[in-house]
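Q: Task: produce atomic coordinates for the following.
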Amino acid sequence: MLGCRPALVDNRRVQSTTANIAGRDRHPEPGLPSPMHGGLTGVLCLAGATACGKTAAALAIAQALANEQPARPVEIISVDSALVYRGMDIGTAKPTAAERAAVPHHLIDILDPAEAYSAARFVGDAQRLIGEIRSRGHLPLLVGGTMLYFKALFEGLDAMPAADRAVRAALDEQCEREGLHALYRELQRVDPVTAARLPPGDRQRIQRALEVQRVSGLPLSSFHHQKAAVETPPLISLEPSDRAWLHHRIEERFMQMLDAGLVDEVHALMRRGDLHADLPSMRCVGYRQTWEALEADDLSDLPERGIAATRQLAKRQLTWLRSMAQRTVVACDAPHAQAQVVAIALKVAGGAGDPVASR
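A: Below is the predicted model:
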């Protein structure tokens, strides 16, 4: 069963690279990266719902490969839209300093919470990092639970108009004046296809859809096209056979976050004065519920609301995973789940220098 993170072998070759990782990972927003056709060979991916034990499994893979292939150490690329933010450590279950020192981690702590990060930017960053890691003769291991990022990396993104600050500011002002419900009604009128798939309370995506329509004159849905199947790298997927096991893990972990100081962490972010509840960073599960509880000056139902939101996130992640036919599933609640993950990784990594067909 996946649980506590293992102690790692001291690997000085990888430790020596970590000091410069944060600086290298700060990269300007790319245009619109294309899928890496043929460029994802020699790459291994590990995905799973929140609280499934991804970090522990990734570190176990790194340790096993360090023993088996010491000349080809692992470097981890985070596939997580929350771990990119500095100052958000507790609620994101960010890998500890010791874990990040033992194995190089990328795309963690690269942005201030006031900034936004996108799937397009992730693809550009990940493609660059994969190339750099492979050029060092190391193995890129992509680990995370932001399934949209995996999908974008594997399949590419549809070309859409770039962000327009003036239009975005006008939408912000309209939302404050008329309310989000008015923007949603407008979206239903100009792009009913997109409106039908977005929750009425999803301000970020509703405003982006309206921004695209106002800038281009075309609905966002018109930019989405069916993509041709592409070869994808091996993907190990951690999925529970018993949903109750995952629900218990989620409850236990959220309570641990509260004990570790999640409320103080969010309170410190609020005191900065330049953040607000509608920023992508503050919409992360756990942070949104804590922010709202602090604003209401009532923490009584925070555990219940935080756990419920995290369970909903896990449900969405598992739905995404089931759509990825190439994945190799490991039951994360099985007694020897971590050993199974490591065995699969060792088998795949033995030929990871050559093109790997979809599994």
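Q: for stretch 329-342, which positions count as buried?
A: 330-334, 337-338, 340-342 (16 or more other CB atoms under 10 Å). Heads up, the C-betas are built off the backbone N, CA and C, glycines and all.
Q: same deal with stretch 203-211?
A: 203, 206-211.
Q: Give me the distance between it and the centre of its chain.
A: 20 Å (CA atoms, centre = their mean, to the nearest Å).
Q: average pLDDT for it?
A: Per-residue pLDDT over stretch 203-211 has a mean of 91.
Q: hmm, who's touching that stretch?
A: Residues from elsewhere that reach stretch 203-211 (CB atoms under 8 Å, 6 or more residues apart in numbering): 161, 163-164, 167-168, 171-172, 175, 180, 183-184, 186-187, 190-191, 194-195, 198, 200, 219-220, 278, 280, 283.
Q: repeat for stretch 317-331
A: For stretch 317-331, contacts defined as CB under 8 Å, 6+ apart pick out 47-50, 145, 147-148, 150-151, 232, 234-241, 337, 340-341, 344, 358-359.
Q: Also stretch 73-80?
A: With contacts defined as CB under 8 Å, 6+ apart, stretch 73-80 is touched by 11, 13-14, 17, 45, 47, 58, 61-62, 65-66, 84, 92, 103-108, 122, 126, 129-130, 133, 136, 138-146, 149-150, 153.
Q: taking these one by one, which sit in helices?
A: When DSSP state H defines the helices, the subset of the contacts of stretch 73-80 inside them is 13-14, 58, 61-62, 65-66, 122, 126, 129-130, 133, 149-150, 153.
Q: Can you go through those residues and name the buried ones?
A: 14, 58, 61-62, 65-66, 122, 126, 129-130, 133, 149-150, 153.
Q: Compute the distance between His336 and Ala60, please.
A: 12 Å (CB to CB, to the nearest Å).
Q: Among the contacts of stretch 203-211, which lie within strands?
A: Assigned to strands by DSSP state E, none of those qualify.
Q: Please type out the ChimeraX selection for whichever of these turn out to be buried.
A: Buried residues among the contacts of stretch 203-211 (16+ other CB under 10 Å), as a ChimeraX selection:
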select :161,167,168,171,175,180,183,184,186,187,190,191,194,195,198,219,220,280,283
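Q: For the stretch 251-359 of the chain, which segments count as helices?
A: 262-271, 287-296, 302-322, 337-349 (DSSP state H, counting those that start in this stretch).
Q: tell me the angle of the second one relative to helix 302-322?
A: Here helix 287-296 runs at an angle of 160 degrees relative to helix 302-322 (axes from the mean of the first three to the mean of the last three CA atoms, to 10 degrees).
Q: average pLDDT across helix 287-296?
A: When pLDDT is averaged along helix 287-296, the result is 98.
Q: Going by neighbour count, list what's buried in it.
A: Applying 16+ other CB under 10 Å to helix 287-296 flags 287-291, 293-294 as buried.
Q: what sits up against that helix?
A: 88, 91, 262-263, 266-267, 269-270, 277, 281-282, 299, 301-302, 305-306, 309.
Q: Tell me which of the helices of the stretch 251-359 of the chain lies nearest to Lys54.
A: helix 337-349 (9.6 Å; CB to CB).
Q: For that closest one, list the C-alpha coordinates in CSV.
A: This file holds the C-alpha atoms of helix 337-349, laid out as CSV (Å, rounded to 0.1, in the frame of the first residue of the first chain):
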residue,chain,number,x,y,z
ALA,A,337,1.3,-1.1,-4.6
GLN,A,338,4.6,0.7,-4.4
ALA,A,339,6.5,-2.4,-5.3
GLN,A,340,4.3,-2.8,-8.4
VAL,A,341,4.9,0.8,-9.5
VAL,A,342,8.6,0.4,-9.1
ALA,A,343,8.6,-2.9,-11.0
ILE,A,344,6.7,-1.4,-13.9
ALA,A,345,9.0,1.7,-13.9
LEU,A,346,12.1,-0.5,-14.0
LYS,A,347,10.8,-2.6,-16.9
VAL,A,348,9.9,0.5,-18.9
ALA,A,349,13.1,2.4,-18.1
